[in-house]
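>>> Requesting a structural model of the entry that follows:
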Amino acid sequence: MPDIHPFKKKKTTSPIVEKLEMLITIVERNQGNYFKNLYEQYDVTFQSIIFGKGTASSEILSYFGLAEIEKEVIFSLIKQSKVKEVFQTLSLEFKSHQGIAFTIPLTSMIGKQCYHFATKNLQKGETHHGK
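Next up, the predicted model:
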């Protein structure tokens, strides 16, 4: 007998077109929007800026060129294929702006809509709100 349940959706899987990474950038206070706007040129959809305060010793801060302790931390989702290009740009930007950036690969994400939102890969008729 077939499994017929009124609330059970048929599982559909869509392949992950491109892997994502979490790009974390730490810059001086009031520079977050500059980098946020810069990343938008590289199809970065989701970004969040939070205020941070450094706790490292002054020796470590001086070594990395991060003397000011008030920071902005930018969390961005970026396509893996764009990481190298962004880091090339950042190597130039960090000559005039102090900061540090690194990525963490994402191994999973729950929800097809979340993935499509993060990659700007919406289907025809969808919006970022899933309608």
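>>> mind listing the helices for this protein?
Per DSSP state H, the chain carries helices over the ranges 32-40, 58-64, 83-93, 112-119.
>>> what's the closest of those helices to Ile104?
Taking C-beta to C-beta, helix 83-93 is the member of the helices of the chain nearest to Ile104, at 11.0 Å. C-beta: built from backbone N, CA, C; applies to glycine.
>>> buried ones in the closest one?
83, 86, 90, 93 (16 or more other C-beta atoms under 10 Å).
>>> Closest one to Gln41 out of the residues you listed, please.
So of the buried residues of helix 83-93, ranked by how close each gets to Gln41 (C-beta to C-beta), first place is Val86, at 9.1 Å.
>>> would you turn the helices of the chain into CSV with mean pLDDT and distance to Val17?
What follows is the helices of the chain, written out as CSV (pLDDT from 0 to 100; distance: least, C-beta to C-beta, whole Å):
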stretch, mean pLDDT, distance to Val17
helix 32-40, 93, 20
helix 58-64, 69, 36
helix 83-93, 95, 16
helix 112-119, 71, 7
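>>> Could you tell me which residues make contact with Gly111?
By C-beta atoms under 8 Å, 6 or more residues apart in numbering, the contact list for Gly111 is empty.
>>> Per-residue pLDDT of it, please?
Per-residue pLDDT puts Gly111 at 73.
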